[in-house]
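Chemist: missing the sequence, but the structure's below:
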């Protein structure tokens with residue numbers, strides 16, 4: 001699951017991944033990702049939640065997921081489908097989808113700007129940083145897949 005956008009002549013999917021404990025120390029926003037979180041009262045935290053307390057308050061930053069711009073991949077738009085939140089039967093998953101959407105919608109222009117910058121920087125320099133997808137390679141593989 002992720003955000004679909006156009007980069008160059010292709011559609012790309014910017015994936016959403018589950019939050020992990022090790023990501024608590026990450027910055028909320030970098031050139032290559034966004035941590036999606038919500039602020040909740042400590043009393044609302046469940047045992048499986050990934051969170052950190054906000055100062056000495058009774059509030060916590062609860063990590064929901066990560067938008068991984070550096071791991072975006074070119075896609076065949078014909079195999080994608082949009083998710084209709086209202087038709088989701090799992091109420092917990094539906095709530096997560098709605099929280100992610102609400103978090104990301106106001107910053108969509110910033111997300112797209114970062115995706116464009118990251119994409120063209122890699123394409124123009126041919127420097128692929130560790131843990132980043134190789135966009136040229138993936139685009140070539142997609143063209144083979146389509147034929």
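Modeler: Structure's in. What do you need? Model, not experiment: these values are computed from the prediction. Numbering: from 1, shown residues only.
Chemist: just checking, what packs against the longest helix seen in the chain?
Modeler: The longest helix of the chain (DSSP state H) is helix 108-125. Applying 3 or more CB pairs under 8 Å, 6 or more residues apart in numbering; DSSP states H and E, one finds that helix 108-125 contacts strand 2-7, strand 10-18, helix 135-146. The way it works is simple: take the backbone N, C-alpha and C, and place the C-beta from them, glycine included.
Chemist: What residues sit buried inside the first one?
Modeler: Along strand 2-7, these residues count as buried under the neighbour rule (16 or more other CB atoms under 10 Å): 2, 3, 5, 7.
Chemist: Parallel or antiparallel, list what pairs with that strand.
Modeler: According to DSSP bridges, strand 2-7 has the following sheet partners: strand 10-18 (antiparallel).
Chemist: what's the angle from the strand it pairs with to helix 135-146?
Modeler: Put simply, strand 10-18 runs at 110 degrees to helix 135-146, going by axes from the mean of the first three to the mean of the last three CA atoms, to 10 degrees.
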